[in-house]
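A.B. asks: What follows is a protein structure lacking sequence information:
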Ligand SMILES: Cc1cc2nc3c(=O)[nH]c(=O)nc-3n(C[C@H](O)[C@H](O)[C@H](O)COP(=O)(O)O)c2cc1C
């Protein structure tokens with residue numbers, strides 16, 4: 001049986017190996033032992049590429065579909081089933097309140113909500129208080145909270161805030177990793193997420209373990225499809241957050257970071273936040289760039305010169321840089337031209353696989369892309385989109401710019417109607433480069449830390 005094309009699973013090819021690794025573990029192991037019914041480890045993809053999971057994502061998806069088919073065994077399925085059907089089946093089994101005609105994302109969010117709210121039931125009043133503060137929930141009386149009150153407020157917050165939904169997905173994914181791998185995800189150390197992550201990890205683990213005990217009776221395939229579906233739901237929310245860094249969500253992220261900085265007993269002070277936001281950055285900035293012809297090097301040197309009026313800057317050519325160089329910085333700029341058809345510059349192609357989103361989680365990052373809109377209008381400045389897709393999902397992205405003044409057909413570096421960073425075209429608009437750099441630097445120095 002082969003993987004059945006399923007548009008709802010294609011996004012797995014954008015996920016990082018850490019998250020895919022949890023999915024692989026669920027599909028292949030049962031309480032740490034080889035799973036009796038699994039076939040993934042026999043596939044060519046697994047044998048060739050494991051643990052580089054993204055390279056054999058179709059085999060992973062196929063294995064998941066196959067377990068999905070096993071849960072429908074009474075209906076005499078000849079092969080695997082598509083994701084939507086498995087998701088709805090899992091939701092039915094867990095008594096999730098959902099509408100089968102809703103979008104996949106909405107149904108998945110209902111599923112994650114169910115896991116979260118069931119775990120709230122298992123929390124002490126102190127833990128409920130902690131969660132409410134951490135999520136900035138609007139509650140009348142934070143002392144003496146009930147799980148029902150926190151559930152209602154949390155659901156309302158998730159509905160209006162993409163970033164809070166993302167945060168829930170991270171929390172569930174981390175608790176699942178804790179349960180499956182015995183340790184949380186590497187970005188669990190991110191200071192901004194720690195409170196909620198650690199408070200939720202135990203109760204979510206108990207909820208999922210409780211399900212498993214019940215599922216031994218209901219059918220062993222559910223022991224795979226339920227955690228695997230929860231994991232896939234988390235992964236999609238995390239990827240979607242990376243793809244939709246609209247201003248509204250970035251504002252939301254920043255609000256939340258501010259909230260986290262407050263002592264528990266202090267009132268949130270809008271004025272303080274305003275002052276902090278208007279400060280020029282103080283922490284050094286690391287600029288990482290790659291170049292073939294020298295344009296990008298010239299551009300980053302100009303950027304560095306402007307930035308040095310405010311803050312320390314160090315430039316690294318990725319051909320010679322290490323992952324540790326990058327990890328030292330809390331403020332980062334990534335610069336790359338575009339080659340091939342929308343590809344990354346070659347040194348970046350070697351460097352990027354050495355990095356993971358956890359290296360920049362919680363940090364402030366910005367992008368500088370170079371391209372040629374006349375000759376390559378269909379893939380204009382797309383080099384940096386590869387870096388963005390891999391690294392940006394858990395970082396604060398700053399320095400997005402307007403596409404006004406450029407003429408091109410398409411670019412994956414445009415997200416929510418804006419370039420993900422500064423876009424420079426030395427081939428056709430070099431007379432605007434100096435001015436574009438100056439305006440951009442003026443903007444980002446107030447947004448870096
Ligand atoms: C073979 C080749 C392919 C290119 N492909 C693209 C492309 O797909 N999209 C784009 O916007 N620019 C493309 N460019 C333009 C370069 O990104 C641009 O010239 C850039 O300024 C080069 O930067 P560098 O000197 O730092 O290497 C391409 C250039 C060459 C020579």
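C.D. replies: Yep, it's here. Given the structure is predicted, the values throughout are model-derived calculations rather than measurements.
A.B. asks: what is the mean pLDDT for the host helix or strand of residue 369?
C.D. replies: Assigned by DSSP states H and E, residue 369 belongs to strand 364-370. The average pLDDT within strand 364-370 is 95.
A.B. asks: And the helix or strand that that strand is followed by, what does it pack against?
C.D. replies: Next helix or strand after strand 364-370 toward the C-terminus (DSSP H and E): helix 383-391. If you count contacts as 3 or more C-beta pairs under 8 Å, 6 or more residues apart in numbering; DSSP states H and E, helix 383-391 packs onto helix 222-243, strand 331-336, strand 343-344, helix 346-351, strand 364-370. Yep, even glycine has a C-beta here, placed from its N, CA and C like the rest.
A.B. asks: one step back: mind listing the strands the strand holding residue 369 pairs with, and their directions?
C.D. replies: Here strand 364-370 has these sheet partners by DSSP bridges: strand 331-336 (parallel), strand 396-397 (parallel), strand 422-424 (parallel).
A.B. asks: Nearest to residue 370, out of the ones you listed?
C.D. replies: Set against residue 370 and scored by C-beta to C-beta, the strands paired with strand 364-370 come closest in strand 422-424, at 5.0 Å.
A.B. asks: for the very next helix or strand once past the closest one, what is the average pLDDT?
C.D. replies: Toward the C-terminus, strand 422-424 is succeeded by helix 433-444 as the next helix or strand (DSSP H and E). What helix 433-444 shows for mean pLDDT is 95.
A.B. asks: Quick one: neighbours of the residue in the stretch 301-449 of the chain positioned nearest to the ligand, just the number.
C.D. replies: As assessed by C-beta to the nearest ligand atom, the ligand sits closest to residue 371 within the stretch 301-449 of the chain, at 2.4 Å. Neighbour count for residue 371, taken as other C-beta atoms under 10 Å: 30.
A.B. asks: Can you give me the separation between it and residue 114?
C.D. replies: Distance of residue 371 to residue 114, given as C-beta to C-beta, to the nearest Å: 45 Å.
A.B. asks: Okay, now the unreliable bits of the protein?
C.D. replies: Flagging of the chain using pLDDT under 70 yields the residue ranges 1, 71-80, 140-144, 160-163, 187-195, 215-219, 241-278, 416.
A.B. asks: How is it divided into domains?
C.D. replies: Taking automatic domain parsing as the reference, the chain has its domains at 10-247, 276-444.
A.B. asks: Just the strands from the stretch 1-150 of the chain, written as ranges.
C.D. replies: Per DSSP state E, counting those that start in this stretch, the stretch 1-150 of the chain carries strands over the ranges 29-30, 33-34.
A.B. asks: for the stretch 151-300 of the chain, that is, sorry about that
C.D. replies: 285-289.
A.B. asks: So which bits of the biggest helix by length in the chain are buried?
C.D. replies: Longest helix of the chain, by residue count under DSSP state H: helix 194-218. Buried residues in helix 194-218, counted by 16 or more other C-beta atoms under 10 Å: 195-201, 203-208, 211, 215.
A.B. asks: swap in stretch 146-159?
C.D. replies: Residues of stretch 146-159 classed as buried under the neighbour-count rule (16+ other C-beta under 10 Å) are 147, 149, 150, 151, 153, 154, 157, 158.
A.B. asks: Would you quantify the distance from the closest residue to the last one other than its chain neighbours to residue 393?
C.D. replies: Ranked by C-beta to C-beta, 6 or more residues apart in numbering and with sequence neighbours excluded, the top spatial neighbour of residue 158 is residue 165, at 4.8 Å. Here the criterion is C-beta to C-beta. By it, residue 165 lies 13 Å from residue 393.
A.B. asks: do residue 404 as well
C.D. replies: Counting by C-beta to C-beta, the gap from residue 404 to residue 393 is 27 Å.
A.B. asks: ok, those two, which is more surrounded?
C.D. replies: Shown here are residue 404 and residue 393; by other C-beta under 10 Å, residue 393 has more neighbours (24 against 5).
A.B. asks: pretty sure that one contacts residue 239?
C.D. replies: Yes. With contact defined as C-beta atoms under 8 Å, residue 393 counts as touching residue 239 (6.9 Å).
A.B. asks: Please identify the most buried of the strands of the stretch 1-150 of the chain.
C.D. replies: The highest mean neighbour count among the strands of the stretch 1-150 of the chain, using mean count of other C-beta atoms under 10 Å, belongs to strand 29-30: a mean of 15.
A.B. asks: in its sheet, what does it sit against?
C.D. replies: Paired with strand 29-30 in the same sheet, following DSSP bridges, are strand 33-34 (antiparallel).
A.B. asks: Which positions in the stretch 1-150 of the chain make contact with the ligand?
C.D. replies: By C-beta under 6 Å from any ligand atom, no residue of the stretch 1-150 of the chain approaches the ligand.
A.B. asks: How about the residue of the stretch 1-150 of the chain found nearest the ligand: what's its closest non-neighbour residue?
C.D. replies: Of all residues in the stretch 1-150 of the chain, residue 14 sits closest to the ligand, at 19.8 Å by C-beta to the nearest ligand atom. Spatial nearest neighbour of residue 14, excluding adjacent residues (C-beta to C-beta, 6+ apart): residue 239 at 5.6 Å.
A.B. asks: What of residue 95?
C.D. replies: In this structure, residue 95 finds its nearest non-sequential neighbour in residue 114, 7.8 Å apart by C-beta to C-beta, 6+ apart.
A.B. asks: how about that neighbour, what does it touch?
C.D. replies: For residue 114, the contact set (C-beta atoms under 8 Å, 6 or more residues apart in numbering) comprises 91, 94, 95, 96, 97.
A.B. asks: Give me the buried entries from the residues you listed.
C.D. replies: 91, 94, 96.
A.B. asks: So which of these are in helices?
C.D. replies: By the criterion of DSSP H, membership of the buried ones among the contacts of residue 114 in helices covers residue 91.
A.B. asks: Just put the buried ones among the contacts of residue 114 in JSON lines and tack on distance to residue 288.
C.D. replies: Formatted as JSON lines, the buried ones among the contacts of residue 114 follow (distance: C-beta to C-beta, whole Å):
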{"residue": "91", "distance to residue 288": "43"}
{"residue": "94", "distance to residue 288": "44"}
{"residue": "96", "distance to residue 288": "43"}
